[in-house]
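**Q** Okay, predicted coordinates and the sequence, questions at the end:
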Amino acid sequence: MTDRYLSADQVAELLGTTARFPRRLIEERRIRYVKVGRHVRIPESAVDEFIQSRTVEPLRRPRTGFRRAA
């Protein structure tokens, strides 16, 4: 249990967005969260998982040998 629990404002700052974005993720249940009384906290590992699952890797095109000039 070494995970840090972040508020929506802290997650927004980490992602570089407004606080509305993490709150919407919570409302739509697109990210894991923990309720502590009336407070909602997001584990830091959940933020990392969210970023990893939405990371788009660049395409690598294989070289097709020699190219001829026109």
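**A** Yep, that arrived.
**Q** any idea what the residue lying closest to residue 7 once chain neighbours are set aside is structurally, helix, strand or coil?
**A** Nearest in space to residue 7, with sequence neighbours left out and distances taken as CB to CB, 6 or more residues apart in numbering, is residue 41 at 6.4 Å. For every residue, glycine as well, the C-beta is placed using N, CA and C. With DSSP: H, G, I helix; E, B strand; the rest coil as the basis, the three-state label of residue 41 is strand.
**Q** Kindly report the same for residue 58.
**A** With three-state DSSP as the criterion, residue 58 reads coil.
**Q** can you map out the strands along the protein?
**A** 5-6, 34-36, 39-43 (DSSP state E).
**Q** The shortest one: partners in the sheet, and parallel or antiparallel?
**A** Spelled out, that is strand 5-6. Within its sheet, strand 5-6 is paired with strand 39-43 (antiparallel), according to DSSP bridges.
**Q** Select the longest helix from this structure.
**A** helix 44-53 (DSSP state H).
**Q** who touches that helix?
**A** 3-6, 11, 14-15, 25, 30-33 (CB atoms under 8 Å, 6 or more residues apart in numbering).
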